[in-house]
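> below are the sequence and a predicted model for it; my questions follow.
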Amino acid sequence: MGKPLKIAINTGGGDAPGLNAVIEAVVRSAYNRQYEVYGIRNGYSGLLDTDEIIHLAPEKVRHIASQGGTILGTTNKGNPFHMPFTNMAGEVEYRDVSNRVVENFRRLGFDCLIAIGGDGSLKIAHDFHKKGIPVIGVPKTIDNDLAATEITFGFDTAVSIATEALDRLHSTAKSHERVMVVEVMGRTAGWIALNSGLSGAADVILIPEIPFEIEKVCNHIMGGELHGQHYAIVVVAEGAAPIAGNVIHKGEGEAGRQEVVLGGIGEYVAREISKRTGKDTRSLVLGHLQRGGSPTTFDRRLALRFGASAVRMIGAKKFGVMVALVSPDVKAIPLEKVIGQVKHVPLHGDTIQTARDIGISFGD
């Protein structure tokens, strides 16, 4: 018998419920095929500092599927093709250290990299595939905005957390006759806002796909007053913006991150509602609460399916692909057809239409 295949696995980008379930499925499926699995800690850092590589035997991952976060750690600012360094003058400059990653990958005898991440992480994985590393991507984002897969693990958990928060806010909003504005994640797509807002009986849902008019939002809230409803729940995705307005952000990202840090749209909407209606209005940002805690049953099952499918693809020598849910199966989709493609909420889809039919406003 030849030497067993050596699989490297890492997690990149923001954490999401279900990451550990993927890791467990990969390790247990691999060892059933006599493959070995090694965890690359903190994105690609373990392939720059090889002390950060850990051997993953089945006993190390058994029953971690129910745990949130990732046992390997993650980062959203460790792109080896654009790595920040501080020079002698204290200035940040960027270097391409990808060749070191490739050299260490080969020196350590790895046969494949399973890269779990969102669009940014999968683009890095694709770039490494073009440099000769056999790669299989696993899609992960609570925002559910990755193309080619019907859904990503972590999304169902995030929606469940946001919905529970809305359920709890109804009682306090009603008691004080307040308007509660809840800001949820959703940089370029409003999947969390739409699904939690619909499930959590919101009065208004604001998403990036539908620019809103604040006056229409206020008119909808005041219309409720005419029917005896003296409180309201407004759900707003962090990337939502008013017509002819810009997305609100807190400032520039950390070194090595090209995007700005979003946040503040909930406070803006609350301030405008208070000013225009005279209603007592409060804002709440759910933030990283949406990423935390144990994954739902759905996310555990999907993550386990993705992990096991990735190992099957290794056996079939399918590389440069991403596993994707194309109901009822998990299929291999070429990475070049995935990266840079945002999956937006369909404006004429059934979920948007259902929300409109039951009287929820999108501010348009």
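Noted; the coordinates are in hand.
> neighbours around Gly69, how many?
Counted with other C-beta atoms under 10 Å, the neighbours of Gly69 add up to 18. For the C-beta atoms, the positions are set from N, CA and C on the backbone; glycine is no exception.
> quickly find the element holding it.
Under DSSP states H and E, no helix or strand contains Gly69.
> same question, Ser309
Using DSSP H and E, Ser309 sits in helix 297-315.
> what comes up buried for the next helix or strand after that helix?
Of the helices and strands lying after helix 297-315 in sequence (DSSP H and E), the nearest is strand 321-326. Buried residues in strand 321-326, counted by 16 or more other C-beta atoms under 10 Å: 321-325.
> closest one of the residues you listed to Ser160?
Ser160 has its nearest neighbour among these in Leu325, at 18.3 Å by C-beta to C-beta.
> my read: the closest one touches Thr149, true?
Yes - if you go by C-beta atoms under 8 Å, Leu325 and Thr149 touch, sitting 5.0 Å apart.
> low-confidence ranges in the stretch 51-200 of the chain?
Within the stretch 51-200 of the chain, not a single segment meets pLDDT under 70.
> which residues of it fall in strands?
Secondary structure of the stretch 51-200 of the chain (DSSP state E, counting those that start in this stretch): strands at 53-55, 83-86, 92-95, 112-117, 135-139, 179-184.
> any chance of TSV for the ones you listed, columns distance to Asp350 and mean neighbour count?
Shown next, in TSV, are the strands of the stretch 51-200 of the chain (distance: least, C-beta to C-beta, whole Å; neighbours: other C-beta atoms under 10 Å):
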stretch	distance to Asp350	mean neighbour count
strand 53-55	45	15
strand 83-86	44	14
strand 92-95	45	11
strand 112-117	30	27
strand 135-139	23	28
strand 179-184	21	28
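> can I get those in JSON lines including distance to Asn20?
Listed next are the strands of the stretch 51-200 of the chain as JSON lines, based on distance: least, C-beta to C-beta, whole Å:
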{"stretch": "strand 53-55", "distance to Asn20": "14"}
{"stretch": "strand 83-86", "distance to Asn20": "27"}
{"stretch": "strand 92-95", "distance to Asn20": "32"}
{"stretch": "strand 112-117", "distance to Asn20": "10"}
{"stretch": "strand 135-139", "distance to Asn20": "13"}
{"stretch": "strand 179-184", "distance to Asn20": "23"}
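> which one of those strands lies closest to Ser294?
Among the strands of the stretch 51-200 of the chain, the nearest to Ser294 by C-beta to C-beta is strand 112-117 (17.8 Å).
> list the contacts of that closest one.
Here strand 112-117 makes contact (C-beta atoms under 8 Å, 6 or more residues apart in numbering) with 5, 7-13, 19, 22-23, 26, 40, 105, 121-122, 124-125, 128, 133-140, 310, 314, 319.
> related to what we said a few turns ago, please compute how far the helix holding Ser309 lies from its chain's middle.
For helix 297-315, the separation from the chain centroid amounts to 17 Å (computed by C-alpha atoms, centre = their mean, to the nearest Å).
> list the contacts of Thr70.
Shown in contact with Thr70 (C-beta under 8 Å, 6+ apart): 11, 15, 19-20, 23.
> now that we have these, which of them are buried?
Here, 16+ other C-beta under 10 Å leaves 11, 15, 19-20, 23 buried among the contacts of Thr70.
> what is the nearest of the residues you listed to Gly266?
Nearest to Gly266, judged by C-beta to C-beta, of the buried ones among the contacts of Thr70 is Asp15 at 22.1 Å.
> for the closest one, phi and psi?
Backbone geometry at Asp15, expressed as degrees, to the nearest 10, gives phi -70, psi 160.
> domain-wise, how is the protein divided?
The record's domain parsing of the chain by automatic domain parsing lists 6-153+295-337, 157-292.
> for the first one, measure first residue to last.
Looking back up the chat, that one is domain 6-153+295-337. From its first residue to its last, domain 6-153+295-337 covers 27 Å (C-alpha to C-alpha, to the nearest Å).
> so what's the gap between it and the chain middle?
Worked out by C-alpha atoms, centre = their mean, domain 6-153+295-337 lies 14 Å from the chain centre.
> middle-most residue in this protein, spatially?
Geometric centre of the chain, nearest residue: Thr141, 2.2 Å, by C-alpha atoms, centre = their mean.
> can you count the residues close to the residue nearest to it when sequence neighbours are not counted?
Among residues not flanking Thr141 along the chain, Gly118 sits closest, at 4.1 Å (C-beta to C-beta, 6 or more residues apart in numbering). Residues near Gly118, counting by other C-beta under 10 Å, number 21.
> Glu150 too?
Look at Glu150: counted by other C-beta under 10 Å, it has 11 neighbours.
> so in terms of bridging, what pairs with the nearest residue to it once chain neighbours are set aside?
Closest residue in space to Glu150, ignoring its immediate chain neighbours: Leu325 at 4.6 Å, by C-beta to C-beta, 6+ apart. Beta bridges link Leu325 to Val330, judged by DSSP bridges.
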